[in-house]
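J.: here you go, sequence then predicted model.
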Amino acid sequence: MSSPQAPADAAQRTAIALPEAWGGQVRCGAAGCLLGAVEHEESTVVLHRLANRTAQLLDRQKVAYHPDSAVWLADDLLAAAVETTASIDVFRLVGDKLTRIVQLPVGFGPRDVVLVDAQPGHYRLLATPYSGKEVAWIDWLVGPDTVKVDKSQWCEAPWHPVRVSYLPKMAGGGIAVACLDGKQVLAVSDADLLAPPKVLATFTAVARQSRPSPSGQWLYVALETGGRNARINMTSGELQWIAAPPTGAVSVAPLADDLVVWGDDSLLTLQRLDAQGAVLETRGLRTSGFSTSLQLLDVDGDGQLDVVVLNSSGKRSDVIYGPLWERAMPRP
């Protein structure tokens, strides 16, 4: 039986020259699919075009020391979290080039930036810290570049916040986050994003990342070490444990309510689960580094979900083309 670490058919993946990619995002729009990302150690924001199962570098822009993540605000606006300047640097895309247009102050070294709401000319962002408990809600009005920042106290090292459609025993959705050092998953409701967060689960292992299933029924949690991951029922609040290798996982991307992709060192682990979270079948796909960011979307337009894998160690990131489960290799 072939190992999941063995080289796969080159036509089923694209290697992107992108060293130490701590964060980024693909957005598919009128200009095709564009990857905006950060090269952490190179202090650079980069732009790649993904087309015809190839990656083309379009632009590189230097920023201050240690950019940690990047997110698209619109087809022509890319925001990057930069630790040293304690800022969100916003770039405008004109043609194939990025130009920095504003630096939004955060007041701490941000690890993550996510888009909370977008209206024409008005954006609301959430920045969370590399370390510490303070988070920043940033309202940016384009043009006059007026900026309003509200602060909240969450947990220690709240990394990789994500929007959720449902919250246990609460009306509506909100924002959930895994606390790296706090070893918890917290959430705030859209009804009052500035309110104290609600604890959804507490762990003995490091909570690296949480991501909802497509229906919103489950919030999957990648736990580093401890030999198990978890998922939270977003209606009842029930916590289910999911068997994992001793190293656990550092990233997660649910393909369906009961089909999930976990990221770890040089490997994606795909698991099919039953209703109680027991593992029915496991498969694997190799990656080019320490896979800390997974994004599911149809990059090549064939109707199948692909996975964009950003590797925070190593010199390359990956696009692995779907159908992912069918192309993954069986594992014990």
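T.: Okay, I see it.

J.: which residues touch the nearest residue to Phe203 once chain neighbours are set aside?
T.: Spatially, and ignoring its direct neighbours in sequence, Phe203 is nearest to Lys183 (4.8 Å; CB to CB, 6 or more residues apart in numbering). From N, CA and C alone the C-beta is placed, and that goes for glycine too. Contacts for Lys183 (CB atoms under 8 Å, 6 or more residues apart in numbering) come out as 202-207.

J.: drop anything exposed from the residues you listed.
T.: Buried members of the contacts of Lys183, counted by 16 or more other CB atoms under 10 Å: 203, 205-207.

J.: can you give me the end-to-end span of stretch 100-116?
T.: 21 Å (CA to CA, to the nearest Å).

J.: what do you get for stretch 31-50?
T.: Across stretch 31-50, first to last residue, CA to CA, it's 10 Å.

J.: which ones among the buried ones among the contacts of Lys183 map onto strands?
T.: Of the positions in those, 206-207 sit in strands, assigned by DSSP state E.

J.: now tabulate the buried ones among the contacts of Lys183 in CSV and tack on pLDDT and distance to Asp117.
T.: CSV is the format used below for the buried ones among the contacts of Lys183 (pLDDT from 0 to 100; distance: CB to CB, whole Å):
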residue, pLDDT, distance to Asp117
Phe203, 98, 30
Ala205, 96, 33
Val206, 97, 30
Ala207, 98, 26
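
J.: and the buried ones among the contacts of Lys183, which is closest to Ser43?
T.: Nearest to Ser43 out of those is Val206 (CB to CB; 26.4 Å).

J.: any idea how far the closest residue to the closest one other than its chain neighbours is from Ala278?
T.: Nearest non-adjacent residue to Val206, counting by CB to CB, 6+ apart: Glu224, 4.2 Å away. Distance of Glu224 to Ala278, computed by CB to CB, to the nearest Å: 22 Å.

J.: more crowded one of these two?
T.: Glu224 (19 against 12; other CB atoms under 10 Å).

J.: buried set for the longest strand belonging to the chain?
T.: The strand that spans the most residues within the chain, counting by DSSP E, is strand 279-297. Within strand 279-297, the residues that count as buried by 16+ other CB under 10 Å are 282-296.

J.: what about stretch 320-332, average pLDDT?
T.: Averaged across stretch 320-332, the pLDDT comes to 96.

J.: beta-bridge partners for Val260, please?
T.: Pro254, Gln271 (DSSP bridges).

J.: distance of it from Ser213?
T.: Taking CB to CB, one finds Val260 at 8 Å from Ser213.

J.: neighbour count: those two, which is higher?
T.: More neighbours surround Val260 than the other of Val260 and Ser213, with 25 against 20 (other CB under 10 Å).

J.: next up, the contacts around that one.
T.: 213, 220, 231, 242, 252-254, 270-271, 273 are the contacts of Val260 under CB under 8 Å, 6+ apart.

J.: local confidence estimate at it?
T.: pLDDT, Val260: 99.

J.: contacting residues for the residue nearest to the spatial centre of the chain?
T.: Nearest to the geometric centre of the chain sits Ser293, at 4.9 Å (CA atoms, centre = their mean). Residues near Ser293 by CB under 8 Å, 6+ apart: 21-24, 251, 263, 308-310, 312.

J.: now render those residues as JSON lines, adding pLDDT and distance to Ala70.
T.: Formatted as JSON lines, those follow (pLDDT from 0 to 100; distance: CB to CB, whole Å):
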{"residue": "Ala21", "pLDDT": "98", "distance to Ala70": "9"}
{"residue": "Trp22", "pLDDT": "98", "distance to Ala70": "9"}
{"residue": "Gly23", "pLDDT": "98", "distance to Ala70": "6"}
{"residue": "Gly24", "pLDDT": "99", "distance to Ala70": "5"}
{"residue": "Ser251", "pLDDT": "99", "distance to Ala70": "16"}
{"residue": "Gly263", "pLDDT": "98", "distance to Ala70": "18"}
{"residue": "Val308", "pLDDT": "99", "distance to Ala70": "13"}
{"residue": "Val309", "pLDDT": "99", "distance to Ala70": "15"}
{"residue": "Leu310", "pLDDT": "99", "distance to Ala70": "10"}
{"residue": "Ser312", "pLDDT": "98", "distance to Ala70": "13"}
